[in-house]
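1. Please work out how this folds:
(chains A, B, C and D)
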Protein chains: 2
Amino acid sequence: MSIQSRRERERAEREKLIITAARELAEAEGWEAVTTRRLAEQVEYSQPVLYSHFTGKDAIMTAVAVEGFADLAADLAAARRDTDDALAAVSAAYLSFADRRPAIYDAMFSQSVNLPFATPQAPAALHAGFNELAEAIRPHAGDDDLGLLTELFWAALHGLATLTRGGRLPHEQHDRRLGLLLARFR
Amino acid sequence: MSIQSRRERERAEREKLIITAARELAEAEGWEAVTTRRLAEQVEYSQPVLYSHFTGKDAIMTAVAVEGFADLAADLAAARRDTDDALAAVSAAYLSFADRRPAIYDAMFSQSVNLPFATPQAPAALHAGFNELAEAIRPHAGDDDLGLLTELFWAALHGLATLTRGGRLPHEQHDRRLGLLLARFR
DNA sequence: CAGATTGTCTAGCACTGCTAGAATCGCCAC
DNA sequence: GTGGCGATTCTAGCAGTGCTAGACAATCTG
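-> Below you'll find the model as predicted:
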């Protein structure tokens, strides 16, 4: 019993190590630099070990994404707590997250399609983040369906984040663009 | 002179053939199925021929994207012409394009980062499409900067398109979400 | 028709994700 | 302690990727 639980603990630690290494490598050099070989070298194990923890590279990216949802939800919650203009603060925190951690943001919202999203089976942290957005919007929802309106607002933030990141929108007027969005939502 | 112009013509035709084959393959099976080998087989030449036309696979995707900008601009222009609610028509046309032709849409807005965007060097078709959006928005811009507002509206549409496509937003309430967006922009 | 040039292809490099089977390690009964 | 046994980990390799050097063939010129 004890010996088996130690093994499971070690296994869990190594799994965490893999996820962390993947995240750091992706943050430093982008996901295309995260190869199974480099990842294995980073955690000082051979490639096949990765496959005893995850079904494949996609699953590793998904695990990183799930971590990211928790981080994002925490950022949004903190932003909403420390201000009296919740909508502006939460929006800024969201865009800041996307800007500071583009690789994780990509894993969360642009890649790894295998995660359940708009269902109860979605990761709890994802619901938590969505709820932070929803609470920030609630005062401005009026008669509109809060869930739908939150989805729309999220989509707008996501569009700004991805288009800016991909060079489709210039960084310059970023704040004014956000200001326009906020004005249209209240 | 004549003989050289014939060669250049044949070369241009073959280049067009490559782009068309890449687009069709991507539309049928997604970009991950578009390998240089399959593409070469499709156009009935060997792989290195591709590299005498394009610097690499990215350049081929970019060429497909440029074609896509023209198609999208045409769709938006047609939508704006045949209606008296320009904003709704253009928005619906945009989302319809993203939904019907996801592979091309990805090439245009999610991949192939090498294209100049928010500069005069951007492809003419891109400016044309942007202008269609801007003209649809102009009546509702009020005192806001039309360019920035158009960028914002575009970002919102883009967010809706990509999140829906990636399974992040359920298809179901799609129309109501668009209705909310339109309501907030006029 | 010979020679030069242009164009094209064959073959191969270095890399990818992933896996079968060999080798090694750690635990347990004796 | 020590041998044996299972679980774990590694070495080696497969089939595929984008891309390219150098051999080959086709084409036009004098």
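2. who are the neighbours in contact with the closest residue to A:Glu135 other than its chain neighbours?
-> Across the structure, with Cβ to Cβ, 6 or more residues apart in numbering or on different chains as the measure, the residue nearest A:Glu135 apart from its sequence neighbours is A:Arg80 (6.6 Å). The way it works is simple: take the backbone N, C-alpha and C, and place the C-beta from them, glycine included. By Cβ atoms under 8 Å, 6 or more residues apart in numbering or on different chains, the residues touching A:Arg80 are A:86, A:89-90, A:132, A:135-136.
3. Report whether the helix or strand where A:Arg80 lies contacts DNA strand D.
-> Mapping A:Arg80 onto the secondary structure by DSSP states H and E places it in helix A:57-81. No - contact of helix A:57-81 with DNA strand D (Cβ under 7 Å from any atom of the strand) is absent, the minimum separation being 13.4 Å.
4. Any buried residues in that helix, and which?
-> By neighbour count on 16 or more other Cβ atoms under 10 Å in any protein chain shown, the buried set for helix A:57-81 is A:57, A:60-69, A:71-77, A:79-80.
5. quick one: low-confidence ranges for chain A?
-> Applying pLDDT under 70 to chain A flags the ranges A:1-6.
6. Quick check, the residue in it closest to DNA strand D?
-> Of the residues in chain A, the one nearest DNA strand D is A:Ser46, at a distance of 3.4 Å by Cβ to the nearest atom of the strand.
7. Around the closest residue to that residue other than its chain neighbours, count how many other residues there are.
-> For A:Ser46, ignoring the flanking residues on the chain, the nearest one in space by Cβ to Cβ, 6+ apart is A:Ala40 at 5.7 Å. A:Ala40 is flanked by 18 other residues according to other Cβ atoms under 10 Å in any protein chain shown.
8. Pretty sure A:Ala40 sits against A:Ser52.
-> No - shown here, A:Ala40 and A:Ser52 do not form a contact pair, counting by Cβ atoms under 8 Å, at 11.6 Å.
9. still on that earlier bit, and the furthest pair within the contacts of A:Arg80?
-> Of all pairs drawn from the contacts of A:Arg80, the one with the largest separation by Cβ to Cβ is A:Ala89 and A:Glu135; the distance is 11.6 Å.
10. Can you name the element that comes right after the host helix or strand of A:Leu163?
-> Mapping A:Leu163 onto the secondary structure by DSSP H and E places it in helix A:146-165. Sequence-wise, the next helix or strand downstream of helix A:146-165 (DSSP H and E) is helix A:174-184.
11. Check whether that following helix comes near chain B.
-> Yes - for helix A:174-184 and chain B, the contact criterion (Cβ under 8 Å from any Cβ of the partner chain) is met by A:176-177, A:180-181, A:183-184.
12. count of neighbours near the residue of chain A closest to DNA strand D?
-> 11.
13. do you know how far it is from B:Ala183?
-> Shown here: A:Ser46 relative to B:Ala183, a distance of 57 Å by Cβ to Cβ, to the nearest Å.
14. Next, see if the lengthiest helix in chain A gets close to chain B.
-> Ranked by residue count and defined by DSSP state H, the top helix of chain A is helix A:2-29. No - using Cβ under 8 Å from any Cβ, helix A:2-29 stays clear of chain B, coming no nearer than 15.5 Å.
15. Okay, buried residues for that helix please.
-> When neighbours are counted by 16+ other Cβ under 10 Å, the buried residues of helix A:2-29 are found to be A:15, A:18-19, A:21-23, A:25-27.
16. for stretch A:166-178, same thing?
-> Of the residues in stretch A:166-178, those buried by neighbour count under the rule 16+ other Cβ under 10 Å are A:166, A:168-169, A:173, A:177-178.
17. which bits of chain A sit near DNA strand D?
-> Chain A has residues A:7, A:45-49, A:52 near DNA strand D, with proximity defined as Cβ under 7 Å from any atom of the strand.
18. What is the most widely separated pair among those residues?
-> The widest separation within the residues of chain A next to DNA strand D, taken as Cβ to Cβ, falls between A:Arg7 and A:Gln47 and amounts to 21.1 Å.
19. Could you chop chain A up by domain?
-> Domain assignment for chain A by automatic domain parsing gives A:1-54, A:62-185.
20. Out of those, which gets nearest to DNA strand C?
-> For those, the distance to DNA strand C is smallest for domain A:1-54, at 3.3 Å, taking Cβ to the nearest atom of the strand.
21. Which one of the residues of chain A next to DNA strand D is nearest to B:Ala156?
-> The shortest separation between B:Ala156 and any of these is 42.6 Å, and it belongs to A:Gln47 (by Cβ to Cβ).
22. Just to check, the closest one is in contact with A:Thr35?
-> No - checked against Cβ under 8 Å, the pair A:Gln47 and A:Thr35 is beyond contact range at 9.5 Å.
23. Which residues of chain A lie near DNA strand C?
-> Counting by Cβ under 7 Å from any atom of the strand, the residues of chain A lying close to DNA strand C are A:3, A:34-38, A:47-48, A:51, A:56-58.
24. from those, which would you call buried?
-> Using 16+ other Cβ under 10 Å, the buried members of the residues of chain A next to DNA strand C are A:34, A:36, A:57.
25. contacting residues around the closest residue to the last one other than its chain neighbours?
-> Nearest residue to A:Lys57, sequence neighbours excluded (Cβ to Cβ, 6+ apart): A:Thr36, at 6.2 Å. Under the criterion of Cβ under 8 Å, 6+ apart, the neighbours of A:Thr36 are A:47, A:50, A:57.
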